[in-house]
Structures are given as structure tokens and as C-alpha cells.
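In: requesting a structural model of the entry that follows:
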Amino acid sequence: MALSKDISLNELVEGTYRLYEKGERMTHLGICPMSEELIKAPIELAMQYGFPLLFVASRNQVSEDKGGGYVMGLDQESFLGKIESMEEFCRVTLGLKRPYLRFVSVDHCGPWYKEREKSLAKEEAIESVKRTLTACISAGYAGIHVDCSFEPPPHVRIDEEEVIRLTADLVEFAEEERVRLGKPSLSYEIGTEESAGAGVSAARFRESIDKMLAEFRRRRLPDLAFVVGKTGAKVKMLENVGGFDYTAASSLPRVAKEYRMGFKEHNADYLSTPILSLHPVYGITCANVGPDFAAAQTGALLELADLEEKSLGKGSSNLYNIMSNAVLQKAPFKKWLREAEKWSADELRSMPAELRAVTLTAGHYVYYDGKVREAILRLYSNLKKHAIVNEPEGYVVSAVKKAIMRYVDAFNLRGSTAKILKILG
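Out: Take a look at the predicted model:
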């Protein structure tokens, strides 16, 4: 069973480009691990269908802070441990015989990303990022997305040159920590602009890359695995509202390939299957997805809750009411609202249709809230006890798998692990 330590993300990109040049096109899928199911399901699918598994965990999802991230309270070390234990279980139950590649990266590792750090002073925000970098490197992550594109608080001013300098500073720090901790080489992903929103011209993209690489070469920093570019994708609520930019999506990957860096698209959630199928054609090396998969899980849970309530009435788990209330109280749901939908929690309580949509959008933030978790477990118990659904956990995992496989097939990923390992020799 090959693991991420056998090849790096830089080598994955190189193998992908070699296949491109032989007429084999694919786009890798970066999966945000927003729940235990979104760790288990991708592992099983990657083993079953033979595609490289790229976990991209944000600083909110998995965290070194006290209490961990919102996904099961995991920190970086326990997250890797969870993955490894699930891999061993799946390897035995599936009888794995084909090669398997898995990479774990931190996504959006930059200042002012964490919800509770939006107002920090620059020095405090950077120190927080450094703590994350140390924790990720110590745990054994394969990749780091250094992202200094998030809007700082009003009292902080940062221009493009400062973004470049700060990005290089953080990569330099990560390399120093890697050496200090005795860890193998890391792969880096960078971008000079926010990853969501309208696409940029090829000329502007090339200019940004040249400026970043000049600073990296001056400091003798490692070659980059990925560069992030904007294709117009932008996620709000349960759809991609940005307007896919066909020109940017087809031209920017060609620019990245000139530098032998992979082109990374963020926010590919909810794009149509025909648009997803264009990704390998256009040469998009990798696309990150998360909210779409989490909505599939939440949707499956709420379908089961509706079925339970219809069958049991007052004896049901009351999952929807408990989850929707937790979303309004604890989840950062407002970040997902469209401009015309700046609803408050109080307004949503009297808007049943809109509240259902918001719960589907942001339910993943509260899966591990105590009351919500208790309601989910009660739901599963009731469904099995009353012979309504024999394997409700499997029903939810199947819904997640179905959502993932839409991307796997559109991205031409089945059997790609063996092809990449073969062409790399």
C-alpha cells in the first residue's frame, strides 16, 4: 500500500503533466474533511477506484488550538491518526490489492483565516499561523497552502508586495521548522490573490507568478507544487454563484504548466457536471471541494430525520430542530449568505424554507456539538430499533460517496494512481 511518503505532491504534479503529454488528462480532487464520514468515504473510494486521495484541511476544521477544530475536535496529530486507523480498517475490509496514494495538506494557512482571528493585529495573526505550521509539520503533513490573501482588519494595510514577502517569510519559517523537526521535504501551494471570485488574465497571472518566484529564488526556497488561480468559482449557500470563467479556466493552467507547477482551483463546489468535465480538458491540475460534500451528508441526515418523524412522531430524535438551532447559535452561517440574503438568526427562525437551506449549508459546523451529536445517535438508534432503516450510517456514507464520485468521474480519476506511479517509474 503506497502512501504519501512514497512520492511528494510535487512528484504527483510532475506525473500528471507527463500523462497530459501522452494524452491522458485528469484533474485531482482535494477533499475538505468536514466530518468523520468525509474521512472514511474518500479513503474507501480511493482504495476501491484507485485515485490519489488529497485531504485539504482548513485551520478551522483541524486546529492546534485548545479543543481542536470543529471536525471531531481534532488537532493535526489526532487527524493523521484518525486517517491512518481508517486506512488500516479499510485495507483489511476491502482487501486492498491496488496501489494507494494519500496526501494530507493544510488549506488556507495564512493570517486572518480563522473565524475568531479576523480582528487580530498583524504580528499576532502571523504568530498564530506559525503555530499552525509547526503543528502540521510535526504531525507529518505532506503539503502546506500558504495563503496570505485574506482581507486584514481595517487597521492593517497590506499590498501585493507585502503579500509576496509575507508568503516567502512563512515558507521560509516552515522550512526551518521542517529541518528542526527532522521531517522530510514538504510541498507548497501559493497564490497572490483571494482564491474566490472573478478570473484574472493570463498576463496578470504570469506577472504574479514571476514576482513570487523571484522572491523565492532570492531566498533559495523550494520549488512550488501548486499555484492557485481564480476561475470565477465562488460558493454561496448551495450553489456556485461566481460565474465560471471559461477563458481563465483554460488559459491560466497553461501558464502554470510553463513553470511546471500544478494549477489549483478552489471553490469548485456545485459546478455542473459538464463544467467539471471540462477541467481535465483545460488542464486544471487539482480542484478543492468541501461544502458540496458536507451538504450531501447533512441532506441525508435530514432525509432520515424526516422519515423518522413521519414514522414515530413525538418519539423522534427532533434532529432538524436541534441542528438548525445550533447552526443559528454557533455556526458562521452568515459567511455563506448571498448579498441579497443578509438574514439574522432571529429572522431565519420565522422563515422555514430559508432556515432549511441555511441548515443544509452550514450544518457541518455543528455535527459534533453535544446536543446535535446526541440527536444524530438517537436518530440512528430509532431507525434501527423500529426497523425503519437497517443501516442509517451506511445510508449517510453512501450519500457522501455519491457526491464525491460525481467529481471523480468528471475528473477522469478512476485508475489514475497506478498510471501516475508507472509513469514516474
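
In: now for Lys419: which residues touch it?
Out: Counting by Cβ atoms under 8 Å, 6 or more residues apart in numbering, Lys419 touches Leu19, Glu24. For glycine as for every other residue, the C-beta is placed from the backbone atoms N, C-alpha and C.

In: that one and Ala142: what is the separation?
Out: 20 Å (Cβ to Cβ, to the nearest Å).

In: then Leu238?
Out: Leu238 is 31 Å from Ala142, by Cβ to Cβ.

In: tell me which of these two has more neighbours.
Out: Neighbour comparison, Leu238 and Ala142: the larger count goes to Ala142, with 24 against 16 (by other Cβ atoms under 10 Å).

In: please enumerate the helices of the stretch 151-300 of the chain.
Out: Here the stretch 151-300 of the chain has its helices, by DSSP state H, counting those that start in this stretch, at 160-181, 202-218, 246-258, 273-282, 291-312.

In: please give the centre-to-centre distance between the least confident helix or strand in the chain by mean pLDDT and its chain.
Out: In the chain, the helix or strand scored least confidently by mean pLDDT, DSSP states H and E is helix 76-94, which has a mean of 89. Put simply, helix 76-94 sits 18 Å off its chain's centre (Cα atoms, centre = their mean, to the nearest Å).

In: for that helix, packing partners?
Out: helix 37-49, strand 102-109, helix 122-139 (3 or more Cβ pairs under 8 Å, 6 or more residues apart in numbering; DSSP states H and E).

In: which one of these lies closest to Glu339?
Out: Smallest distance to Glu339 across the helices and strands packed on helix 76-94 (Cβ to Cβ): 22.3 Å, for strand 102-109.

In: which residues touch the least confident helix or strand of the chain?
Out: 1, 33, 36, 39-40, 43-44, 47-48, 55, 57, 62, 64, 68, 71-72, 74, 96, 100, 102, 104, 106, 135-136, 138-141.

In: let's see that with 6 Å instead.
Out: With Cβ atoms under 6 Å, 6 or more residues apart in numbering as the test, helix 76-94 has contacts from Ile39, Lys40, Ile43, Glu44, Met47, Val62, Ala135, Cys136, Ala139, Gly140.

In: again, but for stretch 144-152
Out: By Cβ under 6 Å, 6+ apart, the list of residues contacting stretch 144-152 reads 106-110, 112-113, 158, 163, 166-167, 170-171, 174, 186, 188-190, 193-194.

In: now do the buried residues in it.
Out: Using 16 or more other Cβ atoms under 10 Å as the test for burial, stretch 144-152 gives Ile144, His145, Val146, Asp147, Cys148, Ser149, Phe150, Pro152.
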